[in-house]
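S.K.: My questions are about this predicted structure, shown below with the sequence.
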Amino acid sequence: MTTSTETYTAAASKARQATEKSVEAFTKNAKTYVDQTNLVAALPSFDLTTPVERYFEYVQKAVDMNRDLATKWAELVTSLTSTVRDQAENVNHIVVDQAESVGNLVTDQAKKAEEVAQEQAEQAEEAEKAQERAARKAERDEAKKAHEEARQQYEGLSKAELTDILVERDLPKTGNIEELIERLVEADTK
């Protein structure tokens, strides 16, 4: 049986692995983009809005930056002389360097999102456990209170009076006063 923490950790780990694969492909050819919609739909219902928004903001920045650099590079290649083509090669290296930088940044953000999600899952699980403990304590307190209230009607009665009540109910009548009271309380609560 898996806990919500394990379920979320598995989903978040898949998201991080998919991001790393996408970053690797992006840095090789600077043309492949990340499609993470299927992984986002598979995540449990935790509040991941902020980490997801940050992640896509970084991805969008990377796409915009690389599109601009690739466009400038293409314009230079088509219209410039051999000297300028040498400069275009330098721009190409810049694109690759930028892609690697953005890839590293995106990977770091994905890891941070995974950590935040893990913390939220652990906090939710701890809150659930605390609620369960409080419910069990309330049940015990209620049972103790009911037991004390049931005892009150027999407190102050003599052993002979308690024995008479036990005989009327067809219950054993042996024992000290405390045992007789407990026997009557048990019979009343059944």
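M.R.: Nice, thanks for sending it over. Numbering: from 1, shown residues only.

S.K.: CA atoms for contacts and neighbours, from now on please.
M.R.: Will do.

S.K.: How is the protein partitioned into domains?
M.R.: The record's domain parsing of the chain by automatic domain parsing lists 4-137, 159-189.

S.K.: Nearest approach to E148 belongs to which of those?
M.R.: Distance to E148, taken as C-alpha to C-alpha, is lowest for domain 159-189 among these, at 9.1 Å.

S.K.: Can you check the distance spanned by the closest one, start to finish?
M.R.: Counting by C-alpha to C-alpha, to the nearest Å, you get 21 Å between the two ends of domain 159-189.

S.K.: Output the below-cut-off pLDDT ranges for this protein.
M.R.: Confidence mapping of the chain against pLDDT under 70 gives the ranges 1-2, 30-46, 80, 84.

S.K.: make it 50
M.R.: 33-34 (pLDDT under 50).

S.K.: Nearest residue to the middle of it?
M.R.: Central residue of the chain (C-alpha atoms, centre = their mean): A121, 2.0 Å from the mean position.

S.K.: Am I right that that residue is in contact with S4?
M.R.: Yes: with contacts counted by C-alpha atoms under 8 Å, A121 reaches S4, the gap being 6.7 Å.

S.K.: okay, and the common contacts of these two?
M.R.: Common neighbours of A121 and S4, counting by C-alpha atoms under 8 Å, 6 or more residues apart in numbering, are absent.

S.K.: chain center to the biggest helix by length in the chain: distance?
M.R.: In the chain, with assignment by DSSP state H, the single longest helix is helix 82-152. Centroid displacement of helix 82-152 relative to its chain, using C-alpha atoms, centre = their mean, to the nearest Å, is 6 Å.

S.K.: and it, what does it pack onto?
M.R.: helix 4-29, helix 49-79, helix 177-189 (3 or more C-alpha pairs under 8 Å, 6 or more residues apart in numbering; DSSP states H and E).

S.K.: circling back to that earlier point, for N104, see how far away the residue nearest to the centre of the chain is.
M.R.: For A121, the distance to N104 equals 26 Å [C-alpha to C-alpha].

S.K.: V63 now?
M.R.: 14 Å.

S.K.: Name the residue in these two with the higher neighbour count.
M.R.: Set V63 next to N104 and count neighbours by other C-alpha atoms under 10 Å: V63 wins out with 20 against 16.

S.K.: Need the nearest residue in space to T19, chain neighbours excluded.
M.R.: The shortest distance from T19 to any non-neighbouring residue, by C-alpha to C-alpha, 6 or more residues apart in numbering, is to T107 (6.5 Å).
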